[in-house]
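Asker: structure for the following, please:
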Amino acid sequence: MKQFLTSLLLLLGWSTGFAQNQSTNLRRLMAIKNAEKQIVLLNNPSGLVPVVNLRDLRIASVHNAFGHPAVFDSLVSKYSRVTSFSLKPAPTDSAVFALHDRLKLYNLILVTLSDLTPIDARLLNFIKDQEAINQVVVVLAGNGKKLADLESLRSPIIWCPVQSTESASVAAQLLFGGLATSNRLPATYSKSFGQGSGYSTQKIRLGYSVPEAVSVNSNRLTSVDSLVKVAIADHVTPGAVVLMAKDGQVVFHKAYGHHTYSPEEVTKPDDLFDLASVTKVSATTPSIMRLVDQNIIDLKTPVSTYVARTRSIPDKATITIREAMLHEAGYTPYIKFYEQLKPLDLSKDSSAAFPTKVADGYFLRANYFEEVMWPVTLKSTGGTRGKFVYSDVSMYMMKEVIETVTHQKLNDYVQHEFYRPLGLQTMGFLPRNRFPPSRIAPTTENDNWFRSMRVQGYVNDPGAAMAGGVEGHAGLFSNANDLAILWQLYLNKGSYGGITYFKPATVDLFTSEQSKASGRGYGFARAANPKEGPKAYPSPLSYGHTGYTGTYVWVDPKYNLVYICLTNRVYPDDSKTYGKPTINLRSLILDKFYEAIVQGN
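Answerer: Down below sits the predicted model:
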């Protein structure tokens, strides 16, 4: 502990001697800016670019002599899932026909070409075949004289005069609205593509760049690296993913350490983490916001209007949705449902009698939530109504409200209303149904409650696990990029990707101070509560939430900032007897970002 604090004190000042980071990024930023100034969008009268509808999009990226396919696909994957295909220059008929058939499950075909691509009749016919049945966008990198060979195409064409990693990145971002353009062709290349040709677009989604793009000196962020590395060395957490977006651009996104304290599984930027209580503000709260926005529910309405069994319980019958969202309803803070478990409630084998999977090879009996957990919840008492007492039970109640009103399970509702249209690829409940364990950071080797085994891809919270993995207070998993998109939606006051999800007034209502007792908004923690936010820099407009497993999200409209920190700090067994320092690593990192922003470039 003493050694860690000594190291920490040394890190609180800015590290020096890292000028190469800034100089490298400044050179890269110049290349990015040049690519942005030169890129031109052609053939876009339909407005396909930027792509707006991501809900049912299935993207194939077909590369033919394109110089930087991995960079292009990597940036496309920030917005939507993409599958890469390669078509060799001057392909045979059989190769073209085979690729055509392999693309049958895709509905947006991206064709990347260069001035080294032989654009012959066979290739043009392949593209026209795709135009007949799919949406198509062509990206051409290199000499503009090649544009003349593409005159017969109807699809949008993104032209980058220079083949480089930066132009590949810029092309992918332009395609999805990560940046805007108003550039025009500097010269005439054909009858259709004359000087001055081009289409303008708007920025509608997050972009991806370097810190210097938003006037932040990269040198000032090296202390974030050092801070996390020291924390890992001192077993504060085995791994972490940290992201900062400012001014609508992700400018810092790094992974650190490993999934565990052994080196087998390196943490990757796209790994999923158990969000714990960040579920409250990334699933349950936006659902309530949407229903309020649509005038389907009212915050002043009693919860008992929708949860009928509370009507006959004196201390719950008149509790309103507003009180529950502010944690002022008087609900008990936390219920140890696992204490109700009996040996016959659990089985190592799945069956109709034991359908609820709580871990690998571990199943809970049918109807356990309805027969045991919910009656215990209804009987629980808090006795603190009107005072701020943070309670998971409030979000159990909100889940019931949402499902009663929408006639959908919470996990299905948020997927349909938010995650799929936003293009989120990882965010959701029950991640083991969609991803291999290697993509998910484990939370524990032994959860100390009822699962004496590794918990990886199953929610850490025992109540949420016993409820089937989907609850209002916990159960959501995500990577950092998806979480940043959702919270950029909040920062944008309800709009993202050309779609409006909430009225601005609704976002303002939920994220502004609604309680003098806590300073909180509806669902959201705010800077007014020192236990929830860093102390030094946040503006009165800022808001966010923490998660027990080591997660943290924060938005500050004053600085146009979105901050994501994902750790699995409860590993290996959620015990506080391992001598872990009682420091808030998540807030310390955020303070470093604030300092870098305030001090500028």
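
Asker: okay, now the unreliable bits of the stretch 1-150 of the chain?
Answerer: Residues of the stretch 1-150 of the chain meeting the criterion pLDDT under 70: 1-20.

Asker: and the strands in it?
Answerer: Under the criterion DSSP state E, counting those that start in this stretch, strands of the stretch 1-150 of the chain are mapped to 40-42, 59-63, 82-86, 108-114, 135-141.

Asker: now do the stretch 401-550 of the chain
Answerer: 428-429, 476-478, 495-496, 499-500, 525-526, 543-547.

Asker: and the contacts of the second one?
Answerer: Defining contact as CB atoms under 8 Å, 6 or more residues apart in numbering, one finds that strand 476-478 is touched by 272-275, 278-279, 282-283, 424, 426-429, 431, 440, 457. Where you see a C-beta, it was placed from the backbone N, CA and C, and this is true even at glycine.

Asker: cool, and the third one?
Answerer: The contact list for strand 495-496, computed with CB under 8 Å, 6+ apart, reads 204-205, 422, 485, 488-489, 501.

Asker: quick one: distance of it to the chain centre.
Answerer: 14 Å (CA atoms, centre = their mean, to the nearest Å).

Asker: from here on, call the first residue 508.
Answerer: In the new count, where the first residue is 508, that last one comes out as strand 1002-1003.

Asker: for that strand, which strands pair with it and how are they oriented?
Answerer: Its sheet considered, strand 1002-1003 pairs with strand 1006-1007 (antiparallel) by DSSP bridges.

Asker: how about the nearest residue to S716, chain neighbours excluded?
Answerer: Of all residues not flanking S716 in the chain, Q756 sits nearest, at 4.9 Å (CB to CB, 6 or more residues apart in numbering).

Asker: is it true that that neighbour touches E719?
Answerer: No: using CB atoms under 8 Å, Q756 is not in contact with E719, being 10.8 Å away.

Asker: so how far is F683 from the residue lying closest to Q915 once chain neighbours are set aside?
Answerer: Sequence neighbours aside, H923 is the residue nearest to Q915 in space, at 7.4 Å (criterion: CB to CB, 6+ apart). H923 is 21 Å from F683, where distance means CB to CB, to the nearest Å.

Asker: what do you get for L536?
Answerer: In terms of CB to CB, L536 sits 21 Å off from F683.

Asker: likewise for L871?
Answerer: 42 Å.

Asker: do the same with S725
Answerer: Distance from S725 to F683, counting by CB to CB: 25 Å.

Asker: how close does Q670 get to V810?
Answerer: To V810, Q670 is 60 Å away according to CB to CB.

Asker: so in the protein, which helix runs the longest?
Answerer: When the chain is parsed with DSSP state H, its longest helix is helix 526-545.

Asker: contacting residues around S674?
Answerer: 542, 545-546, 575, 648, 667-668.

Asker: oh, I was asking about R565
Answerer: By CB under 8 Å, 6+ apart, the neighbours of R565 are 588, 612-615.

Asker: quick check: it vs V578, distance?
Answerer: Taking CB to CB, one finds R565 at 22 Å from V578.

Asker: what do you get for S716?
Answerer: Distance from S716 to V578, by CB to CB: 14 Å.

Asker: who's more crowded, the two?
Answerer: S716 (25 against 18; other CB atoms under 10 Å).

Asker: pLDDT wise, what is the residue sitting nearest the centre point of the chain at?
Answerer: Nearest residue to the geometric centre of the chain (CA atoms, centre = their mean): D989, 1.6 Å. As predicted, D989 sits at a pLDDT of 98.

Asker: over to T888?
Answerer: 86.

Asker: need the three-state assignment for it.
Answerer: The three-state label given to T888 by DSSP: H, G, I helix; E, B strand; the rest coil is coil.

Asker: contact partners for it?
Answerer: When contacts are counted by CB under 8 Å, 6+ apart, T888 is found next to 822, 837, 839.

Asker: pretty sure the last one sits in a strand.
Answerer: No: the assignment for T839, made by three-state DSSP, is coil rather than a strand.

Asker: need the contact list for it.
Answerer: Contacts for T839 (CB under 8 Å, 6+ apart) come out as 887-889, 898, 900.

Asker: nearest to T695, of those residues?
Answerer: The nearest member of those to T695, counting by CB to CB, is S898 at 67.9 Å.

Asker: ok, and the closest non-adjacent residue to the closest one?
Answerer: In space, and not counting its chain neighbours, S898 is closest to Y838: 4.3 Å by CB to CB, 6+ apart.

Asker: contacts only, for the one you found.
Answerer: 826, 831, 887, 889, 896, 898, 900-901, 904.

Asker: next step: those residues restricted to strands.
Answerer: Secondary structure from DSSP state E places none of the contacts of Y838 in strands.

Asker: now list the buried members of those.
Answerer: The neighbour-count test (16 or more other CB atoms under 10 Å) marks 826, 831, 887, 889, 896, 898, 900-901, 904 as buried among those.

Asker: residues near K807, how many?
Answerer: Close neighbours of K807, defined as other CB under 10 Å, add up to 9.

Asker: what residue of this protein is the furthest out?
Answerer: Quick read of the chain (CA atoms, centre = their mean): farthest out is K698, 44.3 Å.

Asker: that one and A602, how far apart?
Answerer: In terms of CB to CB, K698 sits 31 Å off from A602.

Asker: quick one: low-confidence residue ranges for the stretch 708-857 of the chain.
Answerer: In the stretch 708-857 of the chain, no residues with pLDDT under 70.

Asker: which residues of it fall in helices?
Answerer: 729-740, 785-786, 792-800, 828-832 (DSSP state H, counting those that start in this stretch).

Asker: comparing those helices, which comes out most buried?
Answerer: Mean neighbour count (mean count of other CB atoms under 10 Å) peaks for helix 785-786 among these, with a mean of 28.

Asker: what's in contact with it?
Answerer: Contact partners of helix 785-786, identified using CB under 8 Å, 6+ apart, comprise 902, 978-983, 990, 1052-1054, 1058-1060.

Asker: including neighbour count, could those go into JSON lines?
Answerer: JSON lines is the format used below for the contacts of helix 785-786 (neighbours: other CB atoms under 10 Å):
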{"residue": "M902", "neighbour count": "27"}
{"residue": "E978", "neighbour count": "29"}
{"residue": "G979", "neighbour count": "29"}
{"residue": "H980", "neighbour count": "26"}
{"residue": "A981", "neighbour count": "30"}
{"residue": "G982", "neighbour count": "29"}
{"residue": "L983", "neighbour count": "35"}
{"residue": "L990", "neighbour count": "26"}
{"residue": "H1052", "neighbour count": "25"}
{"residue": "T1053", "neighbour count": "22"}
{"residue": "G1054", "neighbour count": "27"}
{"residue": "T1058", "neighbour count": "28"}
{"residue": "Y1059", "neighbour count": "25"}
{"residue": "V1060", "neighbour count": "29"}
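
Asker: from those, which is closest to D852?
Answerer: E978 (18.1 Å).

Asker: ignoring the adjacent residues along the chain, who's closest to the closest one?
Answerer: E978's closest residue in space is A971 (CB to CB, 6+ apart), at 4.0 Å.

Asker: pretty sure that neighbour is touching V962, no?
Answerer: No: applying CB under 8 Å as the test, A971 and V962 come out as separate, 11.6 Å apart.

Asker: neighbour-wise, which of Q670 and V810 wins?
Answerer: Between Q670 and V810, V810 has the larger neighbour count (other CB under 10 Å), namely 24 against 17.
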